[in-house]
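>>> coordinates only, sequence not included:
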């Protein structure tokens, strides 16, 4: 990772990083692409910290960002210390994964807050990205920030009617109550054996295997988690009927990101 301070900005020179492929691929829902003079610009939040980030063709510009925030917050969030070049080299021993890595080589995992990620993927069920973003936006607007589990624990499906989240509201309430009361300890789940971690998340009403895998991967950096949706199911049926190749061991979730982006665009 190479960066310089330039006025009030941090300018990052980083290989294997693409803003569209990373931010706009369904990992997180509090980012918006905005028109600027740069090739690409997004504005968004992590733990209610705002950020505007651009790419000018040579470097990534973290606007109005000090070095301390860049190193303590955004380096981790964008997983900048991980060598994705080496990961892609390893995965490319498999021909299909090689093509997937070449197609969308700028994807990185966003290391999100576990509670926010849990809520986001509960909301994502049978939903599309614009509606997911709308529900999360109304939730944040109502509270003035992304609410904690304790703040939401007193809600009911009826009191969350303003979200227009439908059946998902009761699942959000259950998640908030279990988390606030300590029935579900989100801080401990990342360190559990993976099957135990899955079972813990699925004690929440409405959280099935796919949501649990997404929370483990995107909210807890369990890179062995492997969310399966209609696209990945198709990948497995067409390319890996006997299961994923050994090169993915321990990083199945990162392989999933490359495969998902590749097959979804390949079949458009």
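Structure received. Everything numeric here is computed off the predicted structure, so don't read it as measured data.
>>> lowest average confidence, helix or strand, in this structure?
helix 252-266 (a mean of 91; mean pLDDT, DSSP states H and E).
>>> Give the buried residues for that one.
Residues of helix 252-266 classed as buried: 252-264 (neighbour count, 16 or more other CB atoms under 10 Å). (C-beta placed from N, C-alpha, C; glycine too.)
>>> Distance check, residue 4 against residue 12.
9 Å (CB to CB, to the nearest Å).
>>> which stretches of the protein form strands?
Applying DSSP state E to the chain gives strands spanning 2-6, 9-13, 31-33, 40-46, 49-55, 60-62.
>>> what residues does the last one touch?
In this structure, residues lying in contact with strand 60-62 by CB atoms under 8 Å, 6 or more residues apart in numbering are 9-14, 17, 19, 38, 51, 53-55, 70, 74.
>>> number of nearby residues for residue 152?
22 (other CB atoms under 10 Å).
>>> Who are the contact partners of residue 189?
Contacts of residue 189 by CB under 8 Å, 6+ apart are 114, 197, 200-201, 216, 220.
>>> I figured residue 135 was touching residue 162, is that so?
No: using CB atoms under 8 Å, residue 135 makes no contact with residue 162, being 9.9 Å away.
>>> quick check: domain ranges of the chain?
The record's domain parsing of the chain by automatic domain parsing lists 2-81, 114-220.
>>> gap between residue 144 and residue 78?
26 Å.
>>> neighbour count winner among those two?
Using other CB under 10 Å as the criterion, residue 144 and residue 78 rank with residue 78 on top: 26 against 8.
>>> Going along the chain, name the helices of the stretch 151-268 of the chain.
Secondary structure of the stretch 151-268 of the chain, counting by DSSP state H, counting those that start in this stretch: helices at 168-180, 194-201, 209-214, 220, 230-239, 252-266.
>>> highest average neighbour count across these?
helix 220 (a mean of 23; mean count of other CB atoms under 10 Å).
>>> list the helices and strands that helix packs on?
Counting by 3 or more CB pairs under 8 Å, 6 or more residues apart in numbering; DSSP states H and E, no packing neighbours are recorded for helix 220 among the helices and strands.
>>> mean confidence for it?
Helix 220 shows an average pLDDT of 98 in the prediction.
>>> how much distance is there from it to the middle of the chain?
Relative to its chain's centre, helix 220 lies at 10 Å (CA atoms, centre = their mean, to the nearest Å).
>>> got it, and stretch 50-68?
19 Å.
>>> can you list the strands of the chain in CSV and add mean neighbour count?
Formatted as CSV, the strands of the chain follow (neighbours: other CB atoms under 10 Å):
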stretch, mean neighbour count
strand 2-6, 12
strand 9-13, 19
strand 31-33, 16
strand 40-46, 18
strand 49-55, 18
strand 60-62, 22
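>>> between the ones you listed, which one is nearest to residue 186?
Residue 186 lies closest, by CB to CB, to one member of the strands of the chain: strand 40-46, at 16.4 Å.
>>> Strand partners (parallel or antiparallel) of that closest one?
Strand 40-46 sits in its sheet next to strand 31-33 (antiparallel), strand 49-55 (antiparallel), going by DSSP bridges.
>>> of these, which approaches residue 232 most closely?
strand 31-33 (22.6 Å).
>>> Show me what the closest one is in contact with.
20, 23-24, 40-45, 133.
>>> Of all those, the one with the weakest confidence?
Lowest pLDDT among the contacts of strand 31-33: residue 24, 90.
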